[in-house]
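Undergrad: dropping the sequence and predicted coords here.
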Amino acid sequence: MKTNKSSIILWILVLLLVACKQQSRFYISTFKHPVKVEIQRFDVDFINLDTNNTLAALKLLEDKYPEFYTLFMEEVLSMHQADSIENALQITDFLNDSIFKTVNQKVKDVFNDTKSIEHDLSKAFSYLHDYFPDKPIPAIYCFVSGFNHQFLVADTILGVGTDLYLGADYPLYPDITYDYLIPNMRQEMLVPDLVNTWLHRVFPFQGKDDVLSQMLYEGKILYLMQIFLSDTPKSVLIGYEPAAMDWCKTHEKKIWASMLENKYLFSTKQLLITQFIHPAPFTAPISSESPGRLGMWMGWQIVKSYMQNNKNIELSELMSNVNYQQILEQSHYRP
């Protein structure tokens, strides 16, 4: 009996190893061109500005971050002449405001150490550089905006508003946004959100503007994220609570049947696309019990099925293929 049990355990381990290997065909053990991300802490330097001489302090800030400074002033603060006395006074008032002084101190506390963030971003962008060497790698900046901006994106710049990742229990968030968005306003979501934002930038949507195309486009982005951030839980990649992931898995067959029965896939109605793709408390065409953005989750499952059933398809081919009906047909998706 001992021998039989040992044999069974051995075979289970072998099967598990084989399964893991099959799921990780794009895994890279050693990057050919590793990327090292060093986060630029514009947020901390901005918070620590000498407001006794704001104009001079702003000049020093501009000298240290010339590209990002201009982008921040124009896009976040809507200041095209940041060195004016009037603008300097507004910035001084913001930095000395009692509420935002508390918020900004919380930013410094929560993001006191960004080494783990840099590690995860370095891995993700190393994957991007190895598989897509023609795609730019951004310089990463942190900033604070008084809850005004989540991201700043330019050709070689990716900035994130750290004051919007202070934790789902942060007491000021219910006053500034919708309740269903708050659970993802935590530090754990910052890396997936940054990678997701940059992948949308370097792989812009192309194809017919219908539900299926939008679903599978978002599914392709999530498929890359699953590879680039392999240590991150799948629920975090898509921004779902574990219970929401369980709901999707439990009802996957019914969701798909409903989409087919109601002929949602090839609809070009913008409202329907929005209901399936954009953040919301739930996905209205399916169920009030469902999580929002259900189209993204379904697109992810179809793309995974497509790549599992077409082992000859490389990542570059996946991302360049905008024939979404073909992807669906060749996915042999059967929940």
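TA: Good, I have the coordinates.

Undergrad: so who does residue 309 touch?
TA: 330, 331, 332 (Cβ atoms under 8 Å, 6 or more residues apart in numbering). Glycine gets a C-beta too; all of them are placed from N, C-alpha and C.

Undergrad: ok, so of those, who is nearest residue 148?
TA: Checking the contacts of residue 309 against residue 148 by Cβ to Cβ gives residue 331 as the nearest, at 40.7 Å.

Undergrad: tell me the pLDDT of that closest one.
TA: We note a pLDDT of 98 for residue 331 in this prediction.

Undergrad: distance of it from residue 216?
TA: Separation of residue 331 from residue 216 (Cβ to Cβ, to the nearest Å) stands at 9 Å.

Undergrad: and for the two, which residues touch both?
TA: The contact lists of residue 331 and residue 216 share 302, 303, where a contact means Cβ under 8 Å, 6+ apart.

Undergrad: which of these two has more neighbours?
TA: residue 216 (29 against 20; other Cβ atoms under 10 Å).

Undergrad: domain ranges for this structure?
TA: 42-196, 211-331 (automatic domain parsing).

Undergrad: how many residues are close by residue 335?
TA: Residue 335, neighbours per other Cβ under 10 Å, totals 14.

Undergrad: do I have it right that it meets residue 259?
TA: No - under the criterion of Cβ atoms under 8 Å, residue 335 makes no contact with residue 259, lying 10.6 Å away.

Undergrad: against residue 290, how distant is the closest residue to residue 284 other than its chain neighbours?
TA: Of all residues not flanking residue 284 in the chain, residue 275 sits nearest, at 4.9 Å (Cβ to Cβ, 6 or more residues apart in numbering). Separation of residue 275 from residue 290 (Cβ to Cβ): 11 Å.

Undergrad: and if you look at residue 324?
TA: On the measure of Cβ to Cβ, residue 324 and residue 290 end up 22 Å apart.

Undergrad: who has more neighbours, the two?
TA: Just comparing residue 324 and residue 290: by other Cβ under 10 Å the higher neighbour count belongs to residue 324, 25 against 20.

Undergrad: wait, what's in contact with the more buried one?
TA: Counting by Cβ under 8 Å, 6+ apart, residue 324 has contacts 207, 208, 212, 213, 216, 217.

Undergrad: dump those residues to CSV, plus distance to residue 194.
TA: Below are those laid out as CSV (distance: Cβ to Cβ, whole Å):
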residue, distance to residue 194
207, 25
208, 29
212, 28
213, 25
216, 23
217, 19
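
Undergrad: among those, which are in strands?
TA: In strands, defined here by DSSP state E, there are no members of these.

Undergrad: would you write a PyMOL line that selects the buried entries of those residues?
TA: Entered in PyMOL, the line below selects the buried ones among those, by 16 or more other Cβ atoms under 10 Å:
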select buried, resi 212+213+216+217
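
Undergrad: tabulate the contacts of residue 324 (TSV), appending distance to residue 230 and pLDDT.
TA: Shown next, in TSV, are the contacts of residue 324 (distance: Cβ to Cβ, whole Å; pLDDT from 0 to 100):
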residue	distance to residue 230	pLDDT
207	27	91
208	31	93
212	27	98
213	27	98
216	21	98
217	22	98
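
Undergrad: between the contacts of residue 324, which is closest to residue 80?
TA: Of the contacts of residue 324, the one sitting nearest to residue 80 (Cβ to Cβ) turns out to be residue 217, at 34.8 Å.

Undergrad: closest one to residue 24 among the domains of the chain?
TA: domain 211-331 (7.3 Å).

Undergrad: got the contact list for the residue nearest the centre of the chain?
TA: Nearest residue to the geometric centre of the chain (Cα atoms, centre = their mean): residue 193, 2.4 Å. Going by Cβ under 8 Å, 6+ apart, residue 193 touches 150, 151, 160, 184, 239.

Undergrad: look at it and give its secondary structure.
TA: helix (DSSP: H, G, I helix; E, B strand; the rest coil).

Undergrad: where's it relative to residue 299, distance?
TA: Taking Cβ to Cβ, one finds residue 193 at 18 Å from residue 299.

Undergrad: assign the residue nearest to residue 50 when sequence neighbours are not counted to helix, strand or coil.
TA: For residue 50, the nearest residue in space outside its immediate sequence neighbours is residue 57; the separation is 4.4 Å by Cβ to Cβ, 6+ apart. Assigned by three-state DSSP, the conformation of residue 57 is helix.

Undergrad: ok, back up a step: and the helix or strand where the residue nearest to residue 284 lies, average pLDDT?
TA: Secondary structure assigned from DSSP states H and E places residue 275 in helix 270-277. For helix 270-277, mean pLDDT rounds to 98.

Undergrad: how about that helix: buried residues?
TA: Going by neighbour count (16+ other Cβ under 10 Å), the buried part of helix 270-277 is 272, 273, 275, 276, 277.

Undergrad: need the contact list for the fourth one.
TA: With contacts defined as Cβ under 8 Å, 6+ apart, the neighbours of residue 276 are 211, 214, 215, 264, 283, 285, 293, 294, 295, 296.
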